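>>> Provided below for reference: sequence and predicted model.
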Amino acid sequence: MSVRRSVLWGGAAALALATLMPGAVAAADQPAAATAAAAAKPSREAVLQTMKRATTFMVEKVSTNGGYVWSYLPDMSRRWGELEAKPTMVWVQPPGTATMGHLFLDAYHATGDDYYYHAAETVAGALIWGQHPSGGWHYFFDFAGEASTKKWYETIGANAWRMEEFQHYWGNATFDDMGTSEASQFLLRLYMEKLDPKYRPALEKAINFVLESQYANGGWPQRYPLRHDFVHHGHPDYTSYVTFNDDVAAENIKFLLMCYQALGDTRILGAIHRAMDMVLATQQGAPQPGWALQYTPDLKPAGARTYEPEALSPSTTAANVRHLMTFYRLTGDRKYLARIPEALDWIESTRLKGELGRSAKPYPAFVEIGTNKPLFVHRRGSNVVNGRYYVDYNPEKTLGHYSATRAINVAALRREYEKLVKMPVEEATKGSPLIDADPKPLPRFFVGEHIDGSDLNSRDLPTDPAKVVASLNSEGWWPTPLKATSNPYRGPGSATPKPGDYASTYVGDETDTSPYPVDKPVIGISISGYIKNMLTLIRTLGASN
């Protein structure tokens, strides 16, 4: 739970999918885009050799049975996904295993080299092994089996103070952090590449998982099959709640749209429309016409983790406004535009006062229902045993790991809304997959800005392909600063807080296994670093063709 193509999708479809997958059109329609521009381009042969060497190292030296975590020390003595991982573990949550599969397919399309297709197949093999019987995926899976997974939860997971989603073993699958959606999208892409029937059963399981887990009201829980057994510091188990956080609903709609376009599966249509209407149904009435991060199954705003109170969220409201404009482009139904102005007015009404209101992030993360006052979250203690989160109106000494404020470009949202209102409906919906339902090929290039939360976007790619080629070391990997680390598991924390002020730190005392940023990063092997460098080289190949 963290804090997302080809010209074949034109008109409304391209714009709609660009909203659900920000940046996807620019990144995928034009792999030759100028984002990889540099002074002196390396030769095509040098680029191909570098890509192949780097990928061979990842596939043959780094992967665990075709799967990956996020980062590794060079000697493989420690490795991390969102938390420290065992050598037998594979991370699904991006930028993890499915992200690598998407990248391999992109490289296959850029080079025509079957090695990359076979690398993508090894990823698929890992994901199919780790697919939950229900059809979705957890944040990770462990090739050593369930006993090993439970042991990880009892040690590393249980002591990660701020990572409450890892403190309990539910034994089900999750929509959180895009793991299930990205893995599902990858299997769809791989299946459609050659229509290899061996991938269809896992794909069907994933589609059925999304359809079966949807509530009748159109929403999705954070986790499925439903569980209610993690009552934490008096807070009910939030994982059955209808969830917007981390774009759970939008990611599922995106996957179902892709399936509808590629497979022409009409049973998906009802689920898409129910989900879009659920967004309308969860908007609150005046005088606070915003949205919360999550809702009870009967659609009442609810809290989640102990630092996510029952409240309305200006940033979630902004995201849902963007999605409603997407839904209008998909359907031409003006009901999706009707209440956008009042939502934008409400966001503006929450702008913080004084210095906070003049900052780069002038909107509160949480707004109290009924009073419209900003809420601020704090913590006391030093570890998961003695620590507690609490909420008040005081903006001082808020959490370091969960920003108390957000940046929202309300003016840009208003401009887009006004543009849509004035646009003829035929123009707005041109190419919509829900209106023009002919099956369409999937994008040939996929990885880019749309993998939200994974630190992969076009604005952050290396700009000099010659340096990318030159920086691959003799072993075949790109040395990358690992900007985060974690305390090794040392046993449960003390019931008595350790001396020190942990109110605004990422990590508590030495028993806290939560990851935290470091001032002096060590050099290691990074999945994100590998993918960024490969994207630059892929786009360089496009530019030289």
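All right, it came through fine. Numbering: from 1, shown residues only.
>>> could you pull out the helices for the stretch 251-400 of the chain?
All helices of the stretch 251-400 of the chain, identified by DSSP state H, counting those that start in this stretch, fall at 267-282, 314-331, 340-349, 354-357.
>>> Now the shortest one: buried residues?
Right, the one you point to is helix 354-357. Neighbour counts over helix 354-357 (16 or more other Cβ atoms under 10 Å) mark Leu356 as buried. Quick note: C-beta positions are derived from backbone N, CA and C, even for glycine.
>>> what about the helices in the stretch 1-150 of the chain?
Taking DSSP H, counting those that start in this stretch as the test, the helices found in the stretch 1-150 of the chain are 11-20, 24-29, 44-57, 97-111, 114-130, 146-152.
>>> Quick check: the gap between His138 and Arg227.
In this view, His138 and Arg227 are 12 Å apart by Cβ to Cβ, to the nearest Å.
>>> who has more neighbours, these two?
His138 (23 against 15; other Cβ atoms under 10 Å).
>>> which intervals of this structure have sub-threshold pLDDT?
1-39, 437, 449-459, 543-545 (pLDDT under 70).
>>> chain center to stretch 191-207: distance?
With Cα atoms, centre = their mean, to the nearest Å as the basis, the distance from the averaged C-alpha position of stretch 191-207 to the chain average is 23 Å.
>>> Just the terminal-to-terminal distance for that stretch.
Start-to-end span of stretch 191-207 (Cα to Cα, to the nearest Å) is 13 Å.
>>> Relative to Asn320, which of the helices of the stretch 1-150 of the chain is closest?
helix 11-20 (11.2 Å; Cβ to Cβ).
>>> Quick check: the gap between Tyr115 and Glu193.
Tyr115 sits 15 Å away from Glu193, taking Cβ to Cβ as the criterion.
>>> let me redo that: Tyr402
39 Å.
>>> Equivalent analysis for Tyr417, please.
Tyr417 is 38 Å from Glu193, by Cβ to Cβ.
>>> same check, this time on Arg53
Distance, Arg53 to Glu193, using Cβ to Cβ: 24 Å.
>>> repeat for Ala302
41 Å.
>>> Ok, Gly66 next?
17 Å.
>>> more neighbours, the two?
Using other Cβ under 10 Å as the criterion, Gly66 and Glu193 rank with Gly66 on top: 23 against 17.
>>> was I right about the more buried one contacting Ile128?
No - under the criterion of Cβ atoms under 8 Å, Gly66 makes no contact with Ile128, lying 9.5 Å away.
>>> Distance check, Thr243 against Leu256.
For Thr243, the distance to Leu256 (Cβ to Cβ) stands at 16 Å.
>>> Who has more neighbours out of those two?
The neighbour comparison of Thr243 against Leu256 (other Cβ under 10 Å) goes to Thr243, with 26 against 23.
>>> list the residues that contact both of His138 and Arg227?
Asn172 (Cβ atoms under 8 Å, 6 or more residues apart in numbering).
>>> On the C-terminal side of the longest strand seen in the chain, identify the next helix or strand.
Secondary structure of the chain per DSSP state E: the longest strand is strand 516-526. Beyond strand 516-526 on the C-terminal side, the first helix or strand identified by DSSP states H and E is helix 527-544.
>>> And that next one, what does it pack against?
Using 3 or more Cβ pairs under 8 Å, 6 or more residues apart in numbering; DSSP states H and E, the elements in contact with helix 527-544 are helix 44-57, helix 97-111, helix 465-471, strand 480-485.
>>> CA atoms only for the second one, dumped as PDB, please.
What it means is helix 97-111. The C-alpha coordinates for helix 97-111 follow below in PDB (Å, rounded to 0.1, in the frame of the first residue of the first chain):
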ATOM      1  CA  THR A  97       8.700  -9.700 -11.600                       C
ATOM      2  CA  ALA A  98       5.900  -8.700 -14.000                       C
ATOM      3  CA  THR A  99       7.600  -5.400 -14.800                       C
ATOM      4  CA  MET A 100      10.600  -7.400 -15.900                       C
ATOM      5  CA  GLY A 101       8.300  -9.500 -18.100                       C
ATOM      6  CA  HIS A 102       6.800  -6.400 -19.700                       C
ATOM      7  CA  LEU A 103      10.400  -5.100 -20.300                       C
ATOM      8  CA  PHE A 104      11.500  -8.300 -22.000                       C
ATOM      9  CA  LEU A 105       8.500  -8.200 -24.300                       C
ATOM     10  CA  ASP A 106       9.400  -4.600 -25.200                       C
ATOM     11  CA  ALA A 107      13.000  -5.600 -25.900                       C
ATOM     12  CA  TYR A 108      11.700  -8.500 -28.000                       C
ATOM     13  CA  HIS A 109       9.700  -6.000 -30.100                       C
ATOM     14  CA  ALA A 110      12.600  -3.600 -30.400                       C
ATOM     15  CA  THR A 111      15.200  -6.100 -31.400                       C
END
